[in-house]
Each structure stands twice: as structure tokens, then as C-alpha cells.
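[1] this is the structure alone, sequence omitted:
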């Protein structure tokens with residue numbers, strides 16, 4: 001049986017989690033949960049038939065970060081380390097905005113409405129904010145039963 005990336009309503013499993021818990025887990029893992037959340041949300045949106053670009057960017061940012069830590073330990077003055085340190089935050093920002101774009105396109109094309117995912121908070125909080133926006137409580141004025149294709 002394949003692993004399901006979503007709940008019974010078609011949302012990612014993490015979307016129902018409280019923002020406080022997600023933030024606490026991210027802090028307790030010294031930030032390691034944020035790229036994992038980004039990769040998971042990218043896999044979820046990819047399973048909806050969207051682009052793999054967010055997945056590629058979050059994965060590449062994670063690999064760059066791990067390589068940067070490894071090279072920094074053994075070759076602290078390496079020129080490659082400088083390049084990795086420059087590329088990693090750019091990849092992270094590109095990943096967040098491509099994920100935002102794919103989520104917005106998915107909801108517009110499949111549900112017929114535009115989900116609010118602000119660019120300022122996407123820039124600051126990346127996958128944490130996008131996950132927060134996918135929570136049905138944060139859908140705002142829109143009736144969540146309609147947004148999730150639930151029968152009343």
C-alpha cells in the first residue's frame with residue numbers, strides 16, 4: 001500500500017497541525033524540521049500533478065546546506081564553501097516561492113478560488129507559513145466545507 005501524503009480531505013497531513021506545535025518542533029530540531037516540511041509539502045503538491053521544481057529546490061538547498069557544514073568542518077577556507085553559502089539561501093527562497101506558486105495554481109485550477117499566501121511572510125517563514133496557510137481554519141472568509149469539497 002503506497003504512502004498517502006494527504007488526509008481524507010486532500011490536504012497535507014501537516015496542514016491540520018497547530019502553528020505553535022510546528023514552530024516548536026522546528027525550534028527543537030534546530031531548524032531541521034523546516035526543510036523536511038518543505039520537502040514534504042513539495043511531495044504533496046507534486047502528487048497533485050504539479051511541478052517538481054519546489055521539490056528539486058528544497059532538496060538542492062538541503063544538500064547545499066549539508067555540504068556546506070561538511071566542507072566547513074574539514075576545509076573552512078574553501079572557495080567552494082563560499083559558493084555553497086551564497087547559493088543555499090537563494091535556493092531556499094526560490095523553493096518557497098515556487099511552492100507558493102504551485103499551491104496557489106492548484107487551488108485556483110481545482111477548487112476555483114485563490115488561496116491567500118502572502119509573499120512577505122513566505123519570504124520570512126517559507127514552508128512554515130505555507131503550511132499554516134493550508135490549515136482550513138486560516139482559509140479566512142471562505143467556507144471550509146466548500147473549499148475542501150465536503151458535503152454539508
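    The structure has been received and is ready for your questions. Since the structure is predicted, the reported quantities are computational estimates derived from the model, not experimental observations. Numbering: from 1, shown residues only.
[2] now do the same contact list for residue 71.
    When contacts are counted by C-beta atoms under 8 Å, 6 or more residues apart in numbering, residue 71 touches 78, 80-81, 84. Yep, even glycine has a C-beta here, placed from its N, CA and C like the rest.
[3] what mean pLDDT does whichever strand or helix holds it have?
    In the assignment (DSSP states H and E), residue 71 maps to helix 53-74. For helix 53-74, mean pLDDT rounds to 93.
[4] number of residues surrounding residue 90?
    Residue 90 has 12 neighbours, counted by other C-beta atoms under 10 Å.
[5] show me what contacts it?
    Not one residue lies near residue 90 by C-beta under 8 Å, 6+ apart.
[6] any idea how far it is from residue 12?
    Distance, residue 90 to residue 12, using C-beta to C-beta, to the nearest Å: 25 Å.
[7] now the helix with the most length in the chain: buried residues?
    As assigned by DSSP state H, the longest helix anywhere in the chain is helix 79-110. Residues of helix 79-110 classed as buried by neighbour count (16 or more other C-beta atoms under 10 Å): 81, 84, 88, 91-92, 94-107.
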